[in-house]
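*Asks:* Provided below for reference: sequence and predicted model.
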Amino acid sequence: IGRTSTLSLWVKTTQVGNNTNWQAPGITGVEEAGGGNDIFFGFIRGDGSIAVNSGNSGVAASNFVVNDNTWRYVTIQRNETTGQVRFYINGVLNGTGTSETGYKSNAFSSFGVIEDTGGTPNYFIGEMDNIRLSNSYLDPEVVKAQFKFQADTHISFGTLEEL
């Protein structure tokens, strides 16, 4: 996720967030204590929106509250070259922003927590399901199709005919 990537998952929570990224709960990422080689992918802000921050600057946040105890299909994309971040809620673009550019190489290996090289991780309290990762920036139509398929609202063409 420290490179260009897309993270998609179903999420449901009532957890209160924090506008200070290294003090906020989140989906995944790592805080580099005292450094800037960190990434916060899907941290919950104080207003309940979901955000991305890479390095020490450039917080990008969704325009939608995700901590209202409702299942949402959240897709987050970050481009390491441009720093562009896109947020999709239920397959619909719901905010863009810019994070710090570049590869963030600190290792982390968990979902439901923002790990911390200093030893004080921040855990997500809620439910997550069907987590998907991609090492690319998915086309908006693909994001929409993934949501529709998982929500069972994809296009169907009627019953099969028997010969």
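*Replies:* Received, thanks.
*Asks:* which residues of the chain score low on pLDDT?
*Replies:* 154-163 (pLDDT under 70).
*Asks:* Show me where this structure has its helices.
*Replies:* Per DSSP state H, the chain carries helices over the ranges 140-150.
*Asks:* could you pull out the strands for it?
*Replies:* 5-12, 26-31, 39-44, 49-54, 57-65, 72-78, 84-89, 92-98, 113-116, 122-123, 127-134 (DSSP state E).
*Asks:* right, so of these, which gets closest to Phe147?
*Replies:* strand 72-78 (4.8 Å; Cβ to Cβ). Bear in mind the C-beta positions are built from the backbone N, C-alpha and C, glycine included.
*Asks:* So which other helices or strands are in contact with the closest one?
*Replies:* Strand 72-78 is packed against strand 5-12, strand 39-44, strand 49-54, strand 84-89, helix 140-150, with contacts defined by 3 or more Cβ pairs under 8 Å, 6 or more residues apart in numbering; DSSP states H and E.
*Asks:* how about JSON lines for those, with distance to Ala107 and mean neighbour count added?
*Replies:* Output for these, formatted as JSON lines (distance: least, Cβ to Cβ, whole Å; neighbours: other Cβ atoms under 10 Å):
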{"stretch": "strand 5-12", "distance to Ala107": "15", "mean neighbour count": "20"}
{"stretch": "strand 39-44", "distance to Ala107": "11", "mean neighbour count": "28"}
{"stretch": "strand 49-54", "distance to Ala107": "15", "mean neighbour count": "27"}
{"stretch": "strand 84-89", "distance to Ala107": "21", "mean neighbour count": "22"}
{"stretch": "helix 140-150", "distance to Ala107": "27", "mean neighbour count": "16"}
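*Asks:* Kind regards, and thank you for your time.
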